[in-house]
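Peer 1: structure of the sequence below:
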Amino acid sequence: MNKQLVITYAAVILLTLFGLLLIKELNISYPLTITTSSRSSELSVVGEGKVEVVPDTVTIEAGVSINLAPSVEEAQKQVDAINNKIIAQMKELGLESKDIKTSNYSINPSYDYNKGNVINGYNAYASTTIKTSKTELAPQIVSRATAAGANQINGVQYSVKDPAKFREGARKKAIENAKEQAQKLSQELGIKLGKITNIVESTPYDNSPVYYKTAAAEAGGGAGGPDIEPGSQEISSVVTLYFATR
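Peer 2: Here you go, the predicted structure:
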């Protein structure tokens, strides 16, 4: 056998034995991983900021359902008549055509399964979605829709049309919050803060619309409509600041 190859085998065996002895003597758990960090001289701190915003948009869906009409034509006639009345009432309130949209429309046969899948009538459904910045009209929209014949109000949804313009305020609060925490941590750890080396912003998914489920039976309460308030919404920002330390 080649002399150099024998020496190489011997060296590998000796190194392996030495490694196992070292692990045993120092009580090191296996496997042993040694890592280094390029951010070892940095401190990262997370800050959060929030602002309260009054919603500026309301969306309401008014639906009408017709059951067991004797024919397709009759089902369509009945649902169209009521749907057209709802649209007319919205325009009387001063809403424009762009604020009103027919969002669902269907006509389907109804079957009597006890008589061998025999068609016993036709069901029709139509819904109109009203979306407007005139949030103060929400109670009247609901009241007028039900008075026109809507038998379903599928939620009243308040939202902020442009949350981005409010997020700047939340971001500023988040940065200030992160800086305050960094100062406290640096004092507790006995380190000095340097410049901010990086900033990362994440936006929580907490700016969702506010929904108010309104039953059709409750919707017609009085000439002014039911009590519906927009309340307020939270717009949040979360930032991570990286500080150089010394």
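Peer 1: can we go C-alpha only for contacts and neighbour counts from here?
Peer 2: OK.
Peer 1: domain ranges for the chain?
Peer 2: Domain assignment for the chain, taken from automatic domain parsing, gives 1-34, 42-53+164-205+238-245, 57-161+209-231.
Peer 1: doesn't Lys91 belong to a helix?
Peer 2: Yes. According to DSSP: H, G, I helix; E, B strand; the rest coil, Lys91 belongs to a helix.
Peer 1: ranking the domains of the chain by burial, who's on top?
Peer 2: Ranked by mean neighbour count, those are led by domain 57-161+209-231 with a mean of 18 (mean count of other Cα atoms under 10 Å).
Peer 1: ends of it, how far apart?
Peer 2: End-to-end distance for domain 57-161+209-231: 12 Å, by Cα to Cα, to the nearest Å.
Peer 1: next helix or strand past the helix ranked longest in the chain?
Peer 2: The single longest helix within the chain, with elements called by DSSP state H, is helix 164-189. Beyond helix 164-189 in the direction of the C-terminus, DSSP states H and E gives the next helix or strand as strand 193-202.
Peer 1: shaky segments in this protein?
Peer 2: Along the chain, the model assigns pLDDT under 70 to residues 1-40, 203-225.
Peer 1: again, 80 this time
Peer 2: 1-40, 203-229, 231 (pLDDT under 80).
Peer 1: can you give me the strands in it?
Peer 2: 42-53, 57-69, 100-112, 118-132, 152-159, 193-202, 210-212, 233-245 (DSSP state E).
Peer 1: will you turn those into CSV that also has distance to Ala174?
Peer 2: Listed next are those as CSV, based on distance: least, Cα to Cα, whole Å:
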stretch, distance to Ala174
strand 42-53, 4
strand 57-69, 26
strand 100-112, 39
strand 118-132, 32
strand 152-159, 23
strand 193-202, 9
strand 210-212, 24
strand 233-245, 6
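Peer 1: out of those strands, nearest to Glu168?
Peer 2: Closest to Glu168 of these is strand 233-245 (Cα to Cα; 8.5 Å).
Peer 1: which strands and helices sit next to that closest one?
Peer 2: Counting contacts by 3 or more Cα pairs under 8 Å, 6 or more residues apart in numbering; DSSP states H and E, strand 233-245 packs against strand 42-53, helix 164-189, strand 193-202.
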